[in-house]
Structures are given as structure tokens and as C-alpha cells.
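My questions are about this predicted structure, shown below with the sequence.
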Amino acid sequence: MSAMVPPPNDRSAAAPRGEVHSLSYSRYAGPRRPRSAVPWVVARYAWRVQLRQRGVKVLLLLGGGVLAISGAVLGFAWSVPGMTGGGEADPVRAAEAQAIASSLEAQFIPGFLLVLWCGAGAVAADLNAGAFQFHFARPVSAQGYLVGRVLSGAGLAFALSFATLAVLCAERLAFGSTPLRMALTFAVGAALVTARATLLGVVAAGLSSLTRRKGLAQAMFAAVVFASSFVTRIVAAASDKPWVRALGLSGCVDARAAQWHGTAGLHGALAAVPLLACIGWGVVGAALAWWRVSRAEVMRG
Amino acid sequence: MSAVLLRVRALSRRYEGVTALDDVTVTVPEGRVALLGPNGAGKSTLLKCMLGLVRPTSGDIEVLGMDPRRDPLGVRARIGYMPEDDAHLPDLTGVELCAYSAELAGLPPREAIDRAHAALFYAGVDDKRYLPVQGYSTGLRQRTKLAAAIVHDPDLLFLDEPTNGLDPASREEMLALIADVRVRRGCSVVLSTHLLADVDRVCDHVVVLAGGRLLADAPLAELLGTGDGRFLVRVKGDAGAMPRFERELAARGCTAAPSGASLECIVTPAGAGDTDAIWAAAAAASVQVRHLAPRKASLDEAFVKLLA
């Protein structure tokens, strides 16, 4: 009698003899992850939902297009000697600063729109859907929830800017920058890209927590970003005080980038304005979100 | 003797000008416990205190041997909560919602997705688990909420009106699931509901609150009592059997009251516990006694009596 040979796709044949695999609901005795992982869980599931939305896909395509165009244009400019940074004492440093500035400026509109779409209404939508009850009846703290919402709101915008920075830094390596200098530029650029995305995410979460209406929260966020940007630009130009421009939500990070390059034109005590503005926006956004979330009615009745 | 599930001592919670809980002291054993009371009784506030979402104004509270004021996240990790209202995340499917719930409780992603499928299967959610939750029917949402509450293997389950909006068949299935969770999984259940029939069906201990004060904290059997001295009698006979039987009972000093069924009545004997007269009346009326038992109060009656 010949031995029975199981077919190659027979999973039961691979299982140890005598072991019964139950798919029914049973007690769980496996490992549990620390509570510090909660923000990542909140963000990961939000990203999963975001990446299914057509609007997000369109914005990511837009950001990808901006990345490709920036990479092509700057790559071409850097490949032609004297085309950029001609008037600078150190054209290589000027080109490196350009890589950072382009990562911030070129991706500002796609990044802002992504935060507007993904982050500016997130807490409001949660309030409306009863998701506070879902989260806070589980081992989720208000801090963990908020960090997760900021991560999910600003994550895709950060990814676009960071990818642009990485591509431009790689190009700079090919066009004359030394690895050490490029590593420094990349580190500074990464910090600024992170700061920009974090500030947008925190302010979006703060404003989003003020209402249950997602559309209203998004409108408030757009108004704050553009009003702060336009008003500070107009006041700075009219009063000839460039530091005023650094008070805006987007202007404060741009000013920090310019300070690194040495073109900000802020001296003495005014040199601290961009950093203080960054801290101020972050603190106000976080305080607003914390104040609202920690006082929200979690369970109705 | 079963372990203590919940211990509350002199617990009070006051909001601005309103006392939601007033000096409540309760010791609840493991098992299936009903939290009963009219609207505004303090049930939700007690649940919030147990979950560590609200700090009591005064008093002590202990859930599963832990203090929710000191370690609210630790308590919540061991509790599953099924809310009355819709509590889901927009655009997540049933599987994702349950896996998300499991991951928030600390389960690794792979285990979370496995257990999400197992919990949904257990709760009776079929292929619709792959569709967004906001498109579910009421019954399916209730089942999904139950699955999300048990997916991380809690020691204690809080169910807030779990049969709300369910049709009779779904309600029966939900009650059977609640009973099974305790019997086969060893998970204690606290059921907050207005439906006394649900309590009668699945609970073995009852806590009654009204106006923030504790009215009762007792096993269900004790609350219903051993009887009120009356007997429920069911007889078999022809069309005139019941009137004959009632006349014979009256002749022996007993009082018969209708019970609702045609050949059934509630008999108050002349002497306490004296069933001899009932048997004698049945023999005299030529009816066959098919059922004779002390009549216990229904939970509705006990509840109304407590509130009064």
C-alpha cells in the first residue's frame, strides 16, 4: 500500500499532529503592547481610512507632481554651473539652503490641503460620531488620543515634504555637496519639515476640537492659516518690519529656514521671534485641543 | 464564595448643584449584574466612576481590585464597554473597528485582526463585516459593538442597553450571547437597562438606583422573594371547570383571582401556606390540578415596589 502524500496546499498536513486550530472566540493570553503605542495605533487606522479617499489620492498625486517638477527644475539648475547661487559667496551653501526652502515652499499648498482634508475636521468628526466614547472607554488617555490625531492629521503632509527634501538632498549630493554637509542640511531640513507639519497638525487639531461640525472646523483652519499669513505679510511690508512676517503660522518656519541660511535679516532680540512664534502657535493649538478634549462629555446620559 | 467585582463605599458625586450619586455603598460579586433605575438615577455616573472617567466627590471605589482614580487606564484595559449610543469611527469596516479596539487595548496587530474575526463570528456578524459600520442595520451595529467590547478579552463587560432597537429574534440572540459570555468565557457582566425582562433573563444580581441613592443591592432571587403567600394554580377540565373550582374555593374561605390564562388563577388560601383547601376544592369541583406553586413577585412588581 502506497503512503498517502498530502497535496502541497493542504495546511492541515503542515500542522503538528494532534494540534487543533480553533477560529472561535477564546481567552487571550498573549503579549500586550505598552500604552505608548496608542498614538501610533490611532494614527495608523486614520491613515488607512484617509488613503481610501479620492480627495487624498488626488492631493498625493498633486504633491508627487510638485516633487517631480521641483526635482527636475532644481536638478537642471544645479547641473548648470553658475545658474543658481551666482551672487552668493558660497554657491554650494546657497544651493543647500534652496533644497530646504523648496521642500517647505513647494509642498506648502499640497501639504496645507492634506492637513485641511485629513486633520482639520478629525476631532470634530469624532465628536459627532461618538468616537470619544469609543476611545476613552478603552485604555486611551487624552494625550495619547491627541498625539494620534496630530500624527494622522499631519502625517501625509509631512511625508510629502520629507520626500521632497530627501530627493533634493540626494540631487545635491550628485551636484557637488559633501556627504557631511549634506547630512547637516538634511538634518536641519528634516527638523524644519517636521516643525511645519507638526504646527499645522496641532493647530488643526485645536481648531477641530472647538466644534462638532467638520466643515466649520476646516473653514476655521483655512481662515487661520491664510489670515495669519496675509495679515503678517501686509503688516510687515507696510511697516517695514520684517519680523512681523515671522509671526504667521507658515511664516515662522520659513523664517527659521532663512535664519539658518543667514538671510532672515533678524538681529538682536528680534532673532528669537520665529522660534517664539513657532512655540506660541504650538502651545496655543495644543492647549486648545487639550482643554476641549479633556472636558468633553465622553458618555452621554 | 465568588470574588468581589465591584466595591463602592460611601460614593458621592456632585455636579454644579446636582447630586448624581449620594452616599452609595455597594458590594457586587462576580457574575451577571443588572444596574437598574429610572432616567437620572445615577447609572451613567456610576459607570463613569467605574471607568475612571469621572472622579467621585467623596468615597471609595474599587473595580476588579483596582482603584480607577489611581489607574484609570489599567482598569479600562480589563473592561469591555458597549455603549448605548453609536460609537464608531467613520468609514471603518466592522473588522477594522474590532481590530482597532483590540490594538487600543494593547494587542499586537496580527493578533488583533485574528481576534476581530473571531469576536465578530462569535457575535454573529457575517460577511457584512467587510463593509463600513455606518451602513449597518441596528441589530448588526449592536452585534458589532458587542464584538468590539469583548475582542480584547476583558474580565468585566459593561453593557448599556444592549437590546435597544432589536427585533424579538435578535434580542433573544443578544441575550443568549450575554449569558454565554459569562458561562463559557468567565467574563462578568454589568447590564444597565430599562428592560426588566432582560434582567430577569440573564442576571443573577441586581443593583437598583433612584435619584442618586441606592435602593437595592441583592441577588435577583432575594429581590423577588420566596413568595407572597399566594399560589398559582392551573387546572384541567371542561368549560365550566374554572367557575366550579372558584365556587368551591370560596366555600372553603379561599380567594381566587384571575391570572390572565383561561384555566389558571391566583389563590389566596384561608390559612398561610395551607394548600389542603385548594386540593379539596379541586376534588369537589372535579377538576384536575396540573400546576400548584407559590407565586413569586415579578421583577416589574419588585421594581415598582422599590421605587414606591
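Nice, I can see it. Numbers count the residues shown, from 1 in each chain, chains lettered A, B, ... in the order given.

Show me the helices in the stretch 101-250 of chain A, by range?
Assigned by DSSP state H, counting those that start in this stretch, the stretch 101-250 of chain A shows helices spanning A:108-118, A:122-129, A:131-136, A:142-174, A:179-208, A:214-239.

can you tell which of those helices is closest to B:Leu35?
helix A:131-136 (17.3 Å; CB to CB). Glycine gets a C-beta too; all of them are placed from N, C-alpha and C.

What helices and strands are in contact with that closest one?
helix A:122-129, helix A:142-174 (3 or more CB pairs under 8 Å, 6 or more residues apart in numbering or on different chains; DSSP states H and E).

Could you dump the helices of the stretch 101-250 of chain A into CSV with mean neighbour count and mean pLDDT added?
Formatted as CSV, the helices of the stretch 101-250 of chain A follow (neighbours: other CB atoms under 10 Å in any protein chain shown; pLDDT from 0 to 100):
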stretch, mean neighbour count, mean pLDDT
helix A:108-118, 23, 95
helix A:122-129, 23, 88
helix A:131-136, 24, 88
helix A:142-174, 22, 93
helix A:179-208, 22, 93
helix A:214-239, 16, 92
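
Of those helices, which is nearest B:His194?
Nearest to B:His194, of these and by CB to CB, is helix A:131-136 at 19.3 Å.

if we can go back for a sec, the helices of the stretch 101-250 of chain A: which one's closest to B:Pro154?
Comparing the helices of the stretch 101-250 of chain A against B:Pro154 with CB to CB, the closest turns out to be helix A:131-136 (14.8 Å).

excluding its backbone neighbours, what's nearest residue 134?
Looking at chain A here, since you left the chain open. Spatial nearest neighbour of A:Phe134, chain neighbours left out: B:Ala87 (4.2 Å); criterion: CB to CB, 6 or more residues apart in numbering or on different chains.

My question was about chain B, not that one.
In space, not counting the residues next to it along the chain, B:Gln134 is nearest to B:Pro90; the distance is 6.4 Å by CB to CB, 6+ apart.

and the gap between A:Asp90 and chain B?
48 Å (CB to the nearest CB, to the nearest Å).

now swap in A:Cys118 and tell me
From A:Cys118 to chain B the distance is 12 Å (CB to the nearest CB).

residue contacts, that residue?
Under the criterion of CB atoms under 8 Å, 6 or more residues apart in numbering or on different chains, the contact list for A:Cys118 reads A:46, A:50, A:56, A:152-153, A:155-157.

what is whichever residue of the stretch 201-308 of chain B sits closest to chain A paired to in the beta sheet?
Of all residues in the stretch 201-308 of chain B, B:Leu209 sits closest to chain A, at 12.7 Å by CB to the nearest CB. The partner list for B:Leu209 in beta bridges (DSSP bridges) reads B:Leu214.

I'd guessed it sits against B:Val24; true?
Yes: using CB atoms under 8 Å, B:Leu209 is in contact with B:Val24, at 7.2 Å.

ok, back up a step: and the helices of the stretch 101-250 of chain A as TSV, adding distance to B:Ser137?
Output for the helices of the stretch 101-250 of chain A, formatted as TSV (distance: least, CB to CB, whole Å):
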stretch	distance to B:Ser137
helix A:108-118	30
helix A:122-129	17
helix A:131-136	19
helix A:142-174	29
helix A:179-208	30
helix A:214-239	25
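
Got the confidence number for the nearest residue to B:Ala77 once chain neighbours are set aside?
Distance criterion CB to CB, 6+ apart; nearest residue to B:Ala77, sequence neighbours excluded, is A:Pro139 at 4.2 Å. Per-residue confidence (pLDDT) for A:Pro139: 93.

so what's A:Pro139 up against?
Shown in contact with A:Pro139 (CB under 8 Å, 6+ apart): A:35, A:38, B:73-74, B:76-77, B:104-106.

Need phi/psi at it.
Phi and psi for A:Pro139, reported as degrees, to the nearest 10, are phi -70, psi 60.

what's the span of stretch B:243-261 from first residue to last?
For stretch B:243-261, the first-to-last residue distance is 14 Å (CA to CA, to the nearest Å).

Stretch A:231-246 too?
End to end - CA to CA - stretch A:231-246 spans 11 Å.

And the contacts of it?
Residues contacting stretch A:231-246 (CB under 8 Å, 6+ apart): A:247-248, A:251-252, A:254-255, A:264-266, A:270, A:273-274, A:277.

Rebuild those as a markdown table, extending it with secondary structure, neighbour count and pLDDT.
A markdown table is the format used below for the contacts of stretch A:231-246 (DSSP: H, G, I helix; E, B strand; the rest coil; neighbours: other CB atoms under 10 Å in any protein chain shown; pLDDT from 0 to 100):
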| residue | secondary structure | neighbour count | pLDDT |
| --- | --- | --- | --- |
| A:Leu247 | helix | 21 | 92 |
| A:Gly248 | coil | 25 | 91 |
| A:Gly251 | helix | 23 | 90 |
| A:Cys252 | helix | 26 | 92 |
| A:Asp254 | helix | 21 | 90 |
| A:Ala255 | helix | 26 | 90 |
| A:Ala264 | coil | 21 | 71 |
| A:Gly265 | coil | 12 | 76 |
| A:Leu266 | coil | 18 | 79 |
| A:Leu270 | helix | 14 | 87 |
| A:Val273 | helix | 22 | 92 |
| A:Pro274 | helix | 24 | 92 |
| A:Ala277 | helix | 24 | 94 |
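
Make TSV out of those residues and add distance to B:Leu299.
Converted to TSV, these look like this (distance: CB to CB, whole Å):
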residue	distance to B:Leu299
A:Leu247	66
A:Gly248	65
A:Gly251	67
A:Cys252	65
A:Asp254	69
A:Ala255	70
A:Ala264	76
A:Gly265	80
A:Leu266	75
A:Leu270	75
A:Val273	70
A:Pro274	69
A:Ala277	64
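
In terms of position in space, what residue lies nearest the middle of chain B?
By CA atoms, centre = their mean, the mean C-alpha position of chain B lies nearest to B:Val199, the distance being 2.9 Å.

Report the buried residues of the longest helix along chain B.
In chain B, with assignment by DSSP state H, the single longest helix is helix B:168-185. For helix B:168-185, the neighbour count (16 or more other CB atoms under 10 Å in any protein chain shown) marks B:170-171, B:173-175, B:177-178, B:181-182, B:185 as buried.

quick one: B:Thr25 is in a strand?
Yes: remark: B:Thr25 belongs to a strand, assigned using DSSP: H, G, I helix; E, B strand; the rest coil.

From chain A, how far off is it?
Applying CB to the nearest CB, the value for B:Thr25 to chain A is 22 Å.

Hmm, that residue is touching B:Ala10, no?
Yes: the criterion here is CB under 8 Å, and B:Thr25 meets it with B:Ala10 at 5.8 Å.

count of residues packed around the residue of the stretch 201-308 of chain B closest to chain A?
Residues within reach of B:Leu209, counting by other CB atoms under 10 Å in any protein chain shown, total 26.

again with the one 5 residues further on
Counted by other CB under 10 Å, the residues lying close to B:Leu214 total 21.

list the contacts for it?
Contact analysis of B:Leu214 by CB under 8 Å, 6+ apart lists B:24-26, B:207-208.

Next one, pLDDT for it please.
Note on B:Leu214: pLDDT of 91.

Going by residue numbers, what spans are strands in chain B?
Secondary structure of chain B (DSSP state E): strands at B:4-15, B:18-29, B:32-36, B:58-63, B:79-82, B:156-160, B:188-192, B:205-210, B:213-219, B:231-236, B:255-258, B:264-268, B:288-294.

how near is the nearest residue to A:Val284 once chain neighbours are set aside to chain B?
Of all residues not flanking A:Val284 in the chain, A:Gly206 sits nearest, at 6.9 Å (CB to CB, 6+ apart). From A:Gly206 across to chain B, the span is 20 Å (CB to the nearest CB).

ok, now which ones touch A:Gly206?
Contacts for A:Gly206 (CB under 8 Å, 6+ apart) come out as A:284-289, A:292.

picking that back up, surely the residue nearest to A:Phe134 is in contact with B:Lys145?
Yes: under the criterion of CB under 8 Å, B:Ala87 makes contact with B:Lys145 at 7.1 Å.

Contacts made by the helix or strand bottoming out on mean pLDDT in chain B with the rest, please.
Using mean pLDDT, DSSP states H and E, helix B:299-307 stands out as the lowest-scoring helix or strand of chain B, at a mean of 75. Outside of helix B:299-307, the residues within contact range by CB under 8 Å, 6+ apart are B:36, B:38, B:196-197, B:199-200, B:208, B:210, B:215-216, B:220, B:223-225, B:297.
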